[in-house]
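Trainee: The sequence and its predicted three-dimensional model are supplied below.
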Amino acid sequence: MKRSWGIVILCVLVMVPMLLLTLSIRENKAEQQTINAVPEMKPFESRSSEWGKNYPRQYDSYMQTRKSDEITDVLKQDPALVVMWAGYYFSRDYNKPRGHYYMLEDNLNTLRTGAPVDAKTGPAPTACWTCKSPDVPRLIKRDGELEFFTGKWAKYGGEIVNPVGCADCHDNKTMKLTVTREHLKRALDAEGRLKYADATYQDMRSLVCAQCHTEYYFKKTEWDDKGVKKTAMVVTLPWDKGTSAEAMETYYDQIDFSDWTHQLSKTPMLKAQHPEYETYLTGVHSRNNVSCADCHMPYVREGGVKYSNHKVGSPLDNIANTCLNCHKGTEKEFRATVDRKLDRKNELSKIAMDVLAKAHLEAAKAWEVGATEEEMKPVLQDIRHGQWRWDYAVASHGAFFHAPEETLRVLAGAINKGQDARLKLRTVLAKHNAADYVAPDFSSKEKAQAIIGLDFKKAVDEKKTFLDSLKQEWFKQGEAKGLYDPASRKDMVRKTSYN
């Protein structure tokens, strides 16, 4: 009898955990089936919280990008940049990027977008919205691409009220990854390495990022709007000749394009945006078919549910679940390796900035003492090419990790070009009796802005007026139109480098 009871108890002890495990598996499978289901969203739904109702884990992880909220003033760290960007709005304000949650906020707050007072004022074109919001594809669909790219940035202020989110990368019907900006499709087809129509799922895990994390320029495009002549500034990727620094440089040279003319040196300048995708293509991760999402949006598992972490950020924040999936060694060893790569990049970048800033100042002196256009032409070409190379390597924020060898190669080229310009300038200055010229001290942001004659206080005062008036009106307009997602600005605190 005792033996029978023992068998019964043993069976219960075995069966109960098995039953609980079965129930847990069924529950997890049911949840996974819910996740894998495809609840159709309305077309161009730009409110990410609406998508989050069906995909709470992905949405909650996306909202964690709020934690990347610190403002780092790069102009204060590297004052040479103020001189290098003299005459361009980057000399006013340039900060390290924050999380996707702040994409729209930082675009509104930066001094670079100026201080419009109505829909037709301000220095920036509408194209400056392109990568900041899922409201953009909706407006392009409604108004047409050429109309969208026509006019000033403030034109769409009351309709672009949500930061980068779900609708930027996912099809509203199938939830599949999709490219929502036509400029990338055109560029891929022009470059030829990968036609958009042939892109695999793994390709798409990088291409959705490449919509924004690329080099681009605003192509002046004349068009006819029912008999009215208009000019659109269309976002265009300069990939026709390739995606390397030299290939894009050649493209720009051949169409005689410049982003601005340098205030001091009179050089027709190029401003690299953020060519992360282009530099990624040259690195070992791309060669091994590792996508952007593999490192920046790794899969995570909660119970029996697997999903992609949408807290897009540095893989170094989660080394065990990103880098160490492929790389050997400990987290400490891996971080030390990355730190060495960053130190090497920073060392060459500092040298390049010092050389190029001094080249601009020496060129300004050469013009002052009577240098001719014929004498200065080769100098300006070296400055243009040198600064482009530096910017290509540095504006791609993760390039030192994506492609360390290529980054160091391009930075070395930047230094060489800058030094070539300065050697030629020594000859020009000597010819015009100014061989003893020494560039002024630009060791602080304030000193550098004084050298270029920037009225920083005026720019800040005008911007604060905009932030306290028109900016607030834009969100009220967006809310009245049913476009604005209050969750996208939950607990938002205004942070700038000029408070």
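Mentor: Perfect, thanks for sending it.

Trainee: burial count for the nearest residue to residue 259 once chain neighbours are set aside?
Mentor: What sits nearest to residue 259 in space, not counting adjacent residues and going by C-beta to C-beta, 6 or more residues apart in numbering, is residue 271, at 4.2 Å. Where C-beta positions appear, they are placed from N, C-alpha and C, glycine not excepted. A count of nearby residues for residue 271, using other C-beta atoms under 10 Å, gives 18.

Trainee: Kindly indicate whether residue 271 is helix, strand or coil.
Mentor: What DSSP: H, G, I helix; E, B strand; the rest coil gives for residue 271 is coil.

Trainee: Now do the same contact list for it.
Mentor: 85, 88, 90, 259, 260, 391 (C-beta atoms under 8 Å, 6 or more residues apart in numbering).

Trainee: again, 7 Å this time
Mentor: With contact set as C-beta atoms under 7 Å, 6 or more residues apart in numbering, residue 271 has these partners: 88, 90, 259, 391.

Trainee: shouldn't the first one be in contact with residue 260?
Mentor: Read that as residue 88. Yes: with contacts counted by C-beta atoms under 7 Å, residue 88 reaches residue 260, the gap being 4.7 Å.

Trainee: Let me see the ranges of the helices in the stretch 51-200 of the chain.
Mentor: For the stretch 51-200 of the chain, the helices defined by DSSP state H, counting those that start in this stretch cover 56-63, 74-77, 80-84, 103-109, 135-143, 145-148, 182-191.

Trainee: Does residue 492 lie in a helix or a strand, and which?
Mentor: Assigned by DSSP states H and E, residue 492 falls within no helix or strand.

Trainee: Begin at 343 from now on, thanks
Mentor: With 343 as the first residue, the last one maps to residue 834.

Trainee: which residues of the stretch 593-742 of the chain fall in helices?
Mentor: Shown for the stretch 593-742 of the chain, the helices assigned by DSSP H, counting those that start in this stretch span residues 618-623, 626-629, 634-638, 673-710, 715-737, 741-744.

Trainee: Save those helices as CSV, and put in mean neighbour count and mean pLDDT too.
Mentor: Shown next, in CSV, are the helices of the stretch 593-742 of the chain (neighbours: other C-beta atoms under 10 Å; pLDDT from 0 to 100):
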stretch, mean neighbour count, mean pLDDT
helix 618-623, 26, 96
helix 626-629, 14, 94
helix 634-638, 21, 95
helix 673-710, 18, 96
helix 715-737, 22, 98
helix 741-744, 24, 92
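
Trainee: Might you list the low-confidence residue ranges for this protein?
Mentor: Low-confidence segments of the chain, defined by pLDDT under 70: 343-379.

Trainee: hmm, 90 instead?
Mentor: The chain contains residues with pLDDT under 90 at 343-382, 644-646, 660, 663, 739-740, 833, 841.

Trainee: how about the strands in it?
Mentor: Assigned by DSSP state E, the strands in the chain fall at 559-567, 570-578, 602-603, 610-611, 641-644, 647-650.

Trainee: Point out the most buried one among those.
Mentor: Of all those, strand 610-611 has the most neighbours on average by mean count of other C-beta atoms under 10 Å, namely a mean of 21.

Trainee: What lies in contact with it?
Mentor: 600, 601, 602, 603, 604, 726, 729.

Trainee: ok, those residues vs residue 479, which is closest?
Mentor: Ranked by distance to residue 479 (C-beta to C-beta), the contacts of strand 610-611 are led by residue 601 at 25.2 Å.

Trainee: what are the phi and psi angles of the closest one?
Mentor: Per-residue torsions, residue 601: phi -80, psi -30 (degrees, to the nearest 10).

Trainee: Of all the helices of the stretch 393-542 of the chain, which one is nearest residue 759?
Mentor: Of all the helices of the stretch 393-542 of the chain, it is helix 422-426 that lies closest to residue 759, at 13.2 Å by C-beta to C-beta.

Trainee: Run through the neighbouring helices and strands of that closest one.
Mentor: Where contact means 3 or more C-beta pairs under 7 Å, 6 or more residues apart in numbering; DSSP states H and E, helix 422-426 is packed against helix 416-419, helix 673-710, helix 787-793.

Trainee: Which positions within stretch 471-490 qualify as buried?
Mentor: Going by neighbour count (16 or more other C-beta atoms under 10 Å), the buried part of stretch 471-490 is 471-482, 487-490.

Trainee: among the helices of the stretch 593-742 of the chain, which is nearest residue 387?
Mentor: So among the helices of the stretch 593-742 of the chain, helix 634-638 is nearest, using C-beta to C-beta, at 21.7 Å.

Trainee: which residues are contacting that closest one?
Mentor: The contact list for helix 634-638 (C-beta under 7 Å, 6+ apart) reads 547, 548, 551, 650, 654, 655, 657, 664.

Trainee: Going through the residues you listed, which ones are buried?
Mentor: Using 16+ other C-beta under 10 Å as the burial test, the contacts of helix 634-638 include 547, 548, 551, 650, 654, 655, 657, 664 as buried.

Trainee: How about the third one, nearest residue that isn't a chain neighbour?
Mentor: Distances taken as C-beta to C-beta, 6+ apart place residue 634 nearest to residue 551, at 4.3 Å, with adjacent residues excluded.

Trainee: Could you report the distance from that neighbour to residue 545?
Mentor: Distance, residue 634 to residue 545, using C-beta to C-beta, to the nearest Å: 11 Å.

Trainee: Residue 598 now?
Mentor: Plainly put, residue 598 is 34 Å away from residue 545 if you go by C-beta to C-beta.

Trainee: These two - which one has more neighbours?
Mentor: Between residue 598 and residue 545, counted using other C-beta under 10 Å, residue 545 has the larger neighbour count: 17 against 7.

Trainee: That one against residue 538, yeah?
Mentor: No: shown here, residue 545 and residue 538 do not form a contact pair, counting by C-beta under 7 Å, at 9.1 Å.

Trainee: got the contact list for residue 642?
Mentor: Shown in contact with residue 642 (C-beta under 7 Å, 6+ apart): 649, 651.

Trainee: can you rerun that using 6 Å?
Mentor: Contacts for residue 642 were tallied using C-beta atoms under 6 Å, 6 or more residues apart in numbering; they are residue 651.

Trainee: so how far is residue 656 from it?
Mentor: For residue 642, the distance to residue 656 - C-beta to C-beta - is 16 Å.

Trainee: same thing with residue 479?
Mentor: 27 Å.

Trainee: just residue 690 next, same as before
Mentor: From residue 690 across to residue 656, the span is 21 Å (C-beta to C-beta).

Trainee: Which members of the buried residues of stretch 471-490 are the farthest-apart pair?
Mentor: Farthest-apart pair in these is 476 and 488; separation 20.5 Å (C-beta to C-beta).

Trainee: Verify the stated contact: residue 404 with residue 651.
Mentor: No: using C-beta atoms under 6 Å, residue 404 is not in contact with residue 651, being 9.0 Å away.

Trainee: For residue 601, which residues are in contact?
Mentor: By C-beta under 6 Å, 6+ apart, the contact set of residue 601 is 611, 612, 613.

Trainee: Now render the residues you listed as a markdown table, adding distance to residue 574.
Mentor: A markdown table is the format used below for the contacts of residue 601 (distance: C-beta to C-beta, whole Å):
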| residue | distance to residue 574 |
| --- | --- |
| 611 | 23 |
| 612 | 21 |
| 613 | 20 |
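
Trainee: The closest residue to residue 777 other than its chain neighbours - how many residues pack around it?
Mentor: Residue nearest to residue 777 in three dimensions, not counting chain neighbours: residue 771, with 5.4 Å by C-beta to C-beta, 6+ apart. Counted with other C-beta under 10 Å, the neighbours of residue 771 add up to 20.
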